[in-house]
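Chemist: Got a sequence here, can you build the structure:
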Amino acid sequence: MKNNVNESAAFYREEARLVPVTTGIRILDLGCRTGLEIGEIFKLNSTARVTGIDLSEKMLEILRSKYKDKNGDLNLIAGSYFEVELPLEGFDVAISVQSMHHFGQEQKLSLYRKVFRSLAGNGTYIEADYVVGTAIEEMELLNR
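Modeler: Residues are numbered from 1 along each chain as shown. Okay, here's the model as predicted:
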């Protein structure tokens, strides 16, 4: 992403800025990959505790190696966030960065309900992803 998408560094900084700065904040990262967003979050929330879920164990290995000093604050799970059990009110913030565009409306709604249940109190969900302006545009892109 950093090498192939203009302004991606600014994108990750902006996404991290949306996460409240709170000591010990509990964050769920859906589709965390190698943790580009997590690095920016740790810069602002050094005591954050992050649970990252990703399908690729290889991506999680890279993430682990990048943040060896944070291993106590990183809980990394290899699997589908559709299938992984999430604790009831276990997180203050849930984020998804450029992951949800791969799924249809019904799948997303099901996941959003699951994520909502995993957020404590006035928890926050942040989705930083590609969006379309109209249903027609969405259908054209899906057909393509």
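
Chemist: what are the ranges of the strands in the protein?
Modeler: Secondary structure of the chain, counting by DSSP state E: strands at 26-30, 49-54, 74-78, 91-97, 119-128.

Chemist: Contacts only, for E127.
Modeler: Residues counted as contacts of E127 (CB atoms under 8 Å, 6 or more residues apart in numbering) are I95, S96, M100. Every residue, glycine included, has its C-beta placed from N, CA and C.

Chemist: Could you verify my assumption that A78 touches D54?
Modeler: Yes - counting by CB atoms under 8 Å, D54 is a contact partner of A78 at 6.7 Å.

Chemist: Between those two, which has more neighbouring residues?
Modeler: D54 (23 against 15; other CB atoms under 10 Å).

Chemist: measure the more buried one to G24 for me?
Modeler: For D54, the distance to G24 (CB to CB, to the nearest Å) stands at 23 Å.

Chemist: ok so, going back, touching both of A78 and D54, which residues are there?
Modeler: Taking CB under 8 Å, 6+ apart as the contact criterion, the residues that touch both A78 and D54 are L60.

Chemist: give me the number of residues near A120?
Modeler: A count of neighbours around A120, defined by other CB under 10 Å, yields 13.

Chemist: re the thing from before, would you mind giving the strands of the chain as JSON lines with distance to I62 and mean pLDDT added?
Modeler: Converted to JSON lines, these look like this (distance: least, CB to CB, whole Å; pLDDT from 0 to 100):
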{"stretch": "strand 26-30", "distance to I62": "14", "mean pLDDT": "98"}
{"stretch": "strand 49-54", "distance to I62": "10", "mean pLDDT": "97"}
{"stretch": "strand 74-78", "distance to I62": "11", "mean pLDDT": "97"}
{"stretch": "strand 91-97", "distance to I62": "16", "mean pLDDT": "96"}
{"stretch": "strand 119-128", "distance to I62": "20", "mean pLDDT": "94"}
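
Chemist: Can I get these in TSV including distance to L63?
Modeler: Putting those into TSV (distance: least, CB to CB, whole Å) gives the following:
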stretch	distance to L63
strand 26-30	9
strand 49-54	7
strand 74-78	6
strand 91-97	13
strand 119-128	17
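
Chemist: Show me the one of those strands that comes nearest R64.
Modeler: The closest approach between R64 and any of the strands of the chain, judged by CB to CB, belongs to strand 74-78 at 6.3 Å.
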